[in-house]
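Trainee: With the sequence up front, the predicted model follows.
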Amino acid sequence: MLIGRLPGLTERAQVLRLDPRHRGRRADYGPFGAPIQYDLAGVMMPGPLFVVTVAKGRRSPAAGAWIAVGHGLVEFPLMFLIYAGVAQFFTVRPVQIAIGIIGGAVLLWMGYGMIRTPAKETSGTDTGQNPVLAGVLTTLGNPYFFLWWVTVGSLLISQSLRFGFLGFASLAVVHWLCDFTWDTLVSSLTYRSRRLWTPLVHRVVFALCGLTLIGFGVYFAVSVLP
């Protein structure tokens, strides 16, 4: 059984069981409550993925759902890698620097493209990435996504191991469903407001979204430098 070969995670789970602060949490949360509480606090915080969801939501109410699919294509394998005990890899300083610089460059490129193409978007030509690819690139470009998973995420996975592999699988699905629900809601609300999106409003919103992505990109790249 895979869990039996994961001393690091199982030991953390044992510590959680012995820590008085965590006693009774199984009765309070089960495998679902804690990840929902953490996720609702995290996914509703504006970040690169939120910016892209707003930008893509103007064209389709389902854009957020597809962005969440792209996000999941990165997140599910990462969750399994942490479950398999390789979270330490992402704490190595050279790896963190590489993720920050490469991720920052990706966000800079996406932000620049968003600023450059509003007129073409307004005319109906989709010049940007499809929503799934946008979800993948934006997730890969955010080093704090990886940082969250090797810290808070590792803790949640440790807690889920009390329920065996089913607990881990439940955590993964519930976590992603929180992302899926929020992203879909954001794109749907954006799409419903499209009548208010005059060409000027569109240019302003896309410029702000592009500048925001550029700001995230610069911050992510600079923050990992010595």
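Mentor: Nice, thanks for sending it over. Values in this document were obtained by computation on a predicted structure and should not be read as measured data. Numbers count the residues shown, from 1 in each chain.
Trainee: Buried residues, the longest helix seen in the chain. List them.
Mentor: The longest helix of the chain (DSSP state H) is helix 164-192. For helix 164-192, a neighbour-count test (16 or more other CB atoms under 10 Å) marks 167-184, 186-188, 190-191 as buried. All C-beta spots, glycine's among them, are computed from the backbone N, C-alpha and C.
Trainee: again, but for stretch 74-83
Mentor: So stretch 74-83, judged by 16+ other CB under 10 Å, has buried residues Val74, Glu75, Leu78, Met79, Ile82, Tyr83.
Trainee: Find the nearest non-adjacent residue to the third one, please.
Mentor: Yep, that's Leu78 we're talking about. Leaving out its chain neighbours, the residue that sits closest to Leu78 by CB to CB, 6 or more residues apart in numbering is Trp149, at 5.7 Å.
Trainee: From Gly167, how far off is Leu156?
Mentor: Per CB to CB, to the nearest Å, Leu156 is found 10 Å from Gly167.
Trainee: all strands for the chain, in order.
Mentor: In the chain, no strands are defined using DSSP state E.
Trainee: thinking again about what came up before, from the buried residues of stretch 74-83, which two are the most distant?
Mentor: Val74 and Tyr83 (15.2 Å; CB to CB).
Trainee: any idea how far Leu81 is from Val95?
Mentor: The value you get for Val95 to Leu81, if CB to CB is used, is 13 Å.
Trainee: who touches both of the two?
Mentor: Phe89 (CB atoms under 8 Å, 6 or more residues apart in numbering).
Trainee: Do you have the helices of the protein handy? List them.
Mentor: For the chain, applying DSSP H gives helices covering 7-18, 25-29, 33-43, 48-57, 63-83, 93-116, 118-122, 131-140, 143-148, 154-160, 164-192, 199-223.
Trainee: tell me the most buried of the ones you listed?
Mentor: Of all the helices of the chain, helix 48-57 carries the top mean neighbour count, a mean of 26, counting by mean count of other CB atoms under 10 Å.
Trainee: quick one: it to helix 93-116, angle?
Mentor: Between helix 48-57 and helix 93-116, the angle comes out at 20 degrees (axes from the mean of the first three to the mean of the last three CA atoms, to 10 degrees).
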